[in-house]
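S.K.: Sequence first, then the predicted structure, then my questions.
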Amino acid sequence: MSRGSKSRSSSERLEDYDAVFAAMDNPVRRQILMILHFRGDHMTSGQIAQRFSCAWPSTSRHLRKLEASGLVTVERAGREWVYRLNRDRLKVATEWLAWFSRPRVDDVDAAAPVKPPKSTRSKRTRGATR
């Protein structure tokens, strides 16, 4: 994300979440992200394709989906296309997952001191007989 998440509207952030998680919904695309991470954050399309048993059109389709989501960037270097991992864009997923490390509303309420419930019975006056 080029702009800070606080300056983005809620609908823009939701679109970011959708794009990133839709790109990561496929195991091959998650594997590509891991390979890029462990190989210095950049590789050529040919180097990436060599790691998979799927046909080149499938690999190309996965790379385009990752590029469209902003998780990778691509640039031409001579005859090769070089794909780079966009670590800033991955923060979108981290930001969303961080919601689960915060206390739930129920947990916050449970941590508050418990007050005894008010009695619904009417108070008897002293000396009153039944």
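M.R.: Looks like it came in fine. Numbering: from 1, shown residues only.
S.K.: how about low-confidence regions in this structure?
M.R.: By pLDDT under 70, the weakly predicted segments of the chain are 1-7, 107-130.
S.K.: What segments of it are helices?
M.R.: 10-23, 27-38, 45-50, 56-69, 87-98, 105-111 (DSSP state H).
S.K.: what about the residue minimising distance to the centre of the chain, distance to Arg51?
M.R.: For the chain, the residue nearest the mean C-alpha position is Ala93 (1.9 Å; Cα atoms, centre = their mean). Using Cβ to Cβ, to the nearest Å, Ala93 is found at 22 Å from Arg51. C-beta coordinates here come from the backbone N, C-alpha and C atoms, glycine included.
S.K.: how far away is the residue nearest to the centre of the chain from Arg84?
M.R.: 17 Å.
S.K.: Over to Ser10?
M.R.: 29 Å.
S.K.: So between these two, which is more surrounded?
M.R.: Comparing Ser10 with Arg84 by other Cβ atoms under 10 Å, the one with more neighbours is Arg84, at 14 against 7.
S.K.: Show me which residues of stretch 44-54 are buried.
M.R.: Neighbour-count burial for stretch 44-54, counted by 16 or more other Cβ atoms under 10 Å, picks out 45, 48-49.
S.K.: Show me the contact partners of it.
M.R.: 28, 31-32, 35-36, 39, 56, 58-60, 63, 77, 80-83 (Cβ atoms under 8 Å, 6 or more residues apart in numbering).
S.K.: and if you look at stretch 23-36?
M.R.: 42-43, 48, 51-52, 54, 58-59, 62-63, 65-66, 68-69, 71-72, 83-85, 90, 93.
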